[in-house]
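Asks: Sequence first, predicted model second:
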Amino acid sequence: MTSLNRRLLTSVLLLLLIFFGITVVALDLLFRDLSERSLRESLDAQLIALIAASEPDARGNVVPVGTLREARLMQPGSGLYAEIGTRRGETLWRSPSALGTDIEFGSAVAPGARRYERRELADGSQVMALSSGIDWEIRAGQSRDFVFSVATDLRTYNSQLQRYRGQLLGWFLGIAILLLVALAVLLRWVLIPVRRIEAEIREIEGGSRESLGLALPRELMGLAANLNALLASERRRLERYRNTLGNLAHSLKTPLAVMRATSATADPAARQRIVDEQIDRMDSIVQHQLKRAAATGASVVGQSAVDVQPILAELRAPLLKVYASKDLLIELDAATDARFAGDRGDLFELLGNLLDNACKWCRGRVRARAQRRIDASGRPRLQLVVEDDGAGIATHDRQRILTRGARTDEAVPGQGLGLAMVAEVVQLYEGTLDIGDSPLGGARIVVDLPGR
């Protein structure tokens, strides 16, 4: 594809050619119509003057008397011709200007009728002729039919028409060139932000820049913001994979060291128990790191919104089975417009951990709410609230339990990874997590995430 600037100029050029072409044709037709109408009016005036100057002679023919007012009729080759004849085709009088020409005025015209026509002479020149039939009363009670004709050469008319067409085309061509030059300058100025984005993208590819600048027109702000979000998401994803591999390698050092030290233990039963414990620990570490690496992170450009209500309903049934011994009551209150701007797997993991943690520590009642809200900048947000009627979380433990492996009660089975996973997902989506006290008596966890 050609450049945007060239495509716009080509498109405008085509539009100008079509528009100016139609305009030139319309103006040419209008000029021709006005010129021909003026020519006919001039012939009408000449014909009336010829009729006014004519009188019957002794033989009953009508001929001009005296000197004609139009001097061109008396000058041979002047381009203005006149003739008086009968309906039978007999010529009674012809102007001296017609000497040396073979002009023919055509067939006779009935009395009261008028006829305009273009005729071509032997030398190739054209004339416009007007013929009119007159019923002339020669004497009382006696009249005769005559045909008065005048004609004018069209060379002057044609030369004026050609000169007008040349000027019209010249003016329109000049205007079109000026418009294209002005448009090219204007487009160069308008497209400066686009060229700047192109240069910044090349700098990003070369590694000398991390994101696009946002000092752009309103129409390009969304594009730049989305590209920056995509770039930041990819950088976070790459960084997360690197960190996950490093964390995994670091976390496995201790279990491997314990297993190596255990190999020297004499008691086979004790050795097997320690190995099994370390294998379980390693499995837990691997699962945790895999889940962390799989988290998508900040919302991806073009990703569709995720409805919260179906996910809550999907999680409720298995939790009721797992904790059937508690005779649980899980209350769900999700607004129909509550949507998450991110990956469905991340939301499923986050809600699953929150609800599982609430069910684990509650006495018998868990409540989950989801609603859409608008923040101070006008962007939609998703607010999730999970509460239980358990013992709650002490203030001094609220920050600690968000770290991997931290637990408030060692007597309850678990690895201490659930809320840590929640905190990591919230951090990846640049959200917030708040732990407080619930009116139900237990913990109240509020999570704020990007909404749609």
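Replies: Now that the structure is in, tell me what you want to look at. All of these numbers come straight from a predicted model, not from anything done at the bench. Numbering: from 1, shown residues only.
Asks: Where does the record place the domain boundaries for the protein?
Replies: Here the domain assignment for the chain is 4-160, 218-294, 306-450, based on automatic domain parsing.
Asks: which of these has the lowest average pLDDT?
Replies: Lowest mean pLDDT within the domains of the chain: domain 218-294, a mean of 74.
Asks: what about that domain, distance to the chain center?
Replies: Chain-centre distance of domain 218-294: 46 Å, with C-alpha atoms, centre = their mean, to the nearest Å.
Asks: what's the spacing between R115 and S304?
Replies: 79 Å (C-beta to C-beta, to the nearest Å). (C-beta placed from N, C-alpha, C; glycine too.)
Asks: and what of R373?
Replies: 20 Å.
Asks: between R115 and S304, who's got more neighbours?
Replies: R115 (17 against 10; other C-beta atoms under 10 Å).
Asks: and L168, how many neighbours?
Replies: Neighbourhood size, L168 [other C-beta under 10 Å]: 16.
Asks: in the host helix or strand of it, what's buried?
Replies: Applying DSSP states H and E as the criterion places L168 in helix 155-190. By neighbour count on 16 or more other C-beta atoms under 10 Å, the buried set for helix 155-190 is Y157, L161, L168, F172, A176, L183, L187.
Asks: Could you do stretch 138-157 as well?
Replies: For stretch 138-157, burial by neighbour count (16+ other C-beta under 10 Å) applies to R144, F146, V147, F148, S149, V150, A151, T152, D153, L154, Y157.
Asks: Would you format those residues as TSV with distance to I330 and secondary structure included?
Replies: Converted to TSV, the buried residues of stretch 138-157 look like this (distance: C-beta to C-beta, whole Å; DSSP: H, G, I helix; E, B strand; the rest coil):
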residue	distance to I330	secondary structure
R144	120	strand
F146	116	strand
V147	112	strand
F148	112	strand
S149	110	strand
V150	108	strand
A151	107	strand
T152	104	strand
D153	105	strand
L154	100	coil
Y157	97	helix
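Asks: could you dump those residues to CSV with distance to W93?
Replies: Formatted as CSV, these follow (distance: C-beta to C-beta, whole Å):
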residue, distance to W93
R144, 14
F146, 10
V147, 11
F148, 10
S149, 11
V150, 12
A151, 14
T152, 18
D153, 20
L154, 24
Y157, 26
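Asks: now, which of those residues sits nearest G100?
Replies: D153 (13.2 Å; C-beta to C-beta).
Asks: That closest one against L80, yeah?
Replies: Yes - if you go by C-beta atoms under 8 Å, D153 and L80 touch, sitting 7.4 Å apart.
Asks: where do the strands sit along the stretch 201-350 of the chain?
Replies: For the stretch 201-350 of the chain, the strands defined by DSSP state E, counting those that start in this stretch cover 306-307, 329-334, 339-340.
Asks: For A129, which of those strands is the nearest?
Replies: strand 339-340 (84.4 Å).
Asks: just checking, what packs against the closest one?
Replies: Using 3 or more C-beta pairs under 8 Å, 6 or more residues apart in numbering; DSSP states H and E, the elements in contact with strand 339-340 are strand 306-307, strand 380-388.
Asks: Go through the ones you listed and name the closest to A224.
Replies: Of the helices and strands packed on strand 339-340, nearest to A224 by C-beta to C-beta is strand 380-388, at 20.4 Å.
Asks: List of residues touching that closest one?
Replies: For strand 380-388, the external contacting residues (C-beta atoms under 8 Å, 6 or more residues apart in numbering) are 308, 338-341, 350-351, 354-355, 358-359, 361-363, 365-375, 438-440, 442-452.
Asks: Strands - which of these land there?
Replies: 339-340, 365-374, 443-450 (DSSP state E).
Asks: quick revisit: give me the helices and strands touching the helix holding L168, please.
Replies: Other helices and strands packing on helix 155-190, by 3+ C-beta pairs under 8 Å, 6+ apart, are helix 4-52, strand 126-139.
Asks: roughly how far out does the shortest one sit from the chain middle?
Replies: Read that as strand 126-139. Chain-centre distance of strand 126-139: 68 Å, with C-alpha atoms, centre = their mean.
Asks: buried ones in that strand?
Replies: Neighbour-count burial for strand 126-139, with 16+ other C-beta under 10 Å as criterion, is recorded at V127, M128, A129, L130, S131, S132, G133, I134, W136.
Asks: Distance to V25 added to those, as a markdown table?
Replies: Shown next, in a markdown table, are those (distance: C-beta to C-beta, whole Å):
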| residue | distance to V25 |
| --- | --- |
| V127 | 26 |
| M128 | 23 |
| A129 | 28 |
| L130 | 28 |
| S131 | 32 |
| S132 | 34 |
| G133 | 37 |
| I134 | 40 |
| W136 | 45 |
